[in-house]
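**Student:** 3D model of this:
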Amino acid sequence: MNYSSRRILFLDLEKEKFDIKSYEELHPFIGGVALGLRLAEIHYDYHPLIFAIGPLNGFYPFVTKTCIIDCKGSPEIVYIGGSLSHRLKFAGFDALVIHGKSLTPRFISINGKEVRFLSNPEEFKGAGLPGKCSRISFQDGVFLLDDHFSVPNNFLEEAFTRRGLAGLAVSSGVSVPLESFSRYEKLYRDILSREDTLNILPSNKPSCIGCSLGCESSATGETGGNILLRCLVACESASAIYSDLGIVFSCLDALGYDYSHEDIERIPGVVEDLLSSLEDLSRKEST
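**Tutor:** As a prediction, the model looks like this:
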């Protein structure tokens, strides 16, 4: 596994084509909102829809979100729970970049290196690996992930409809090696033992993958929040854990990432610079 690069899946809805690229120059952006905003900056002219995850997704407890960025001028950013971050990680991707517009509604099924553009809803329902698939589909007037999870302000409805995107399915099936399993296992147990520091109460709602609490708030997604958390991409409720630079550094190091404390400390400034750059691009476009 090459931890110095980021593996990105690009989908062109208009041409119904896809491409997979790796970028070592994206390494400093860690993941999540920083990675997504840098991709938005690079591909701004295409006004892409971006799904970005972080290096801890799929490995550690309470790192349950996917960052979604809709570039339509100034970027809109939301964070969704469910299983999508896990599926993207174990499909082998750090981000998914969608651009173009389909002339007729299309469903997309992603399974490793195989990407299918589908027009039949029934075919889409049967797409994906049983028990290993995360699916965004239209139900009762809204787009839901895993039949339960959504994001605020009709974000998915607007972003998907504007591009002629009727549904998205991502299947996992890639093995990701660990640098040090013993260190990873110890960290995992330590973080799991801090469940009582989460500022949520357990419920009987469906849980995000990597969390067993099934809280009342997970179904509606999140906006804003701590920038480091949003780069990882952890649940806002776990801020007491993943705002701790020592814990974050140890988690990254156990997985084989070579980030320094300084790399982690500078990430809020990196995100602020990216947001400023994208605002400049939006202003130039509108004049």
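
**Student:** Would you mind measuring the gap between the ends of stretch 64-79?
**Tutor:** End-to-end distance for stretch 64-79, by Cα to Cα, to the nearest Å: 9 Å.

**Student:** What residues sit buried inside it?
**Tutor:** Buried residues in stretch 64-79, counted by 16 or more other Cβ atoms under 10 Å: 64-71, 75-79. (Each C-beta comes from the backbone N, C-alpha and C, glycine too.)

**Student:** Tell me where the stretch 1-150 of the chain has helices.
**Tutor:** Secondary structure of the stretch 1-150 of the chain, counting by DSSP state H, counting those that start in this stretch: helices at 32-42, 84-89, 121-125.

**Student:** would JSON lines of the ones you listed with mean neighbour count be doable?
**Tutor:** Compiled in JSON lines, the helices of the stretch 1-150 of the chain are given as follows (neighbours: other Cβ atoms under 10 Å):
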{"stretch": "helix 32-42", "mean neighbour count": "26"}
{"stretch": "helix 84-89", "mean neighbour count": "26"}
{"stretch": "helix 121-125", "mean neighbour count": "14"}
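
**Student:** From residue 71, how far off is residue 100?
**Tutor:** 13 Å (Cβ to Cβ, to the nearest Å).

**Student:** The closest residue to residue 245 other than its chain neighbours: helix or strand, and which one exactly?
**Tutor:** Leaving aside its sequence neighbours, residue 245 sits nearest to residue 264 (Cβ to Cβ, 6 or more residues apart in numbering; 5.7 Å). Residue 264 is part of helix 261-265 when elements are defined by DSSP states H and E.

**Student:** Need the residues that contact that helix.
**Tutor:** Here helix 261-265 makes contact (Cβ atoms under 8 Å, 6 or more residues apart in numbering) with 28, 30, 228, 245, 248, 249, 252.

**Student:** Perfect, that will be all.
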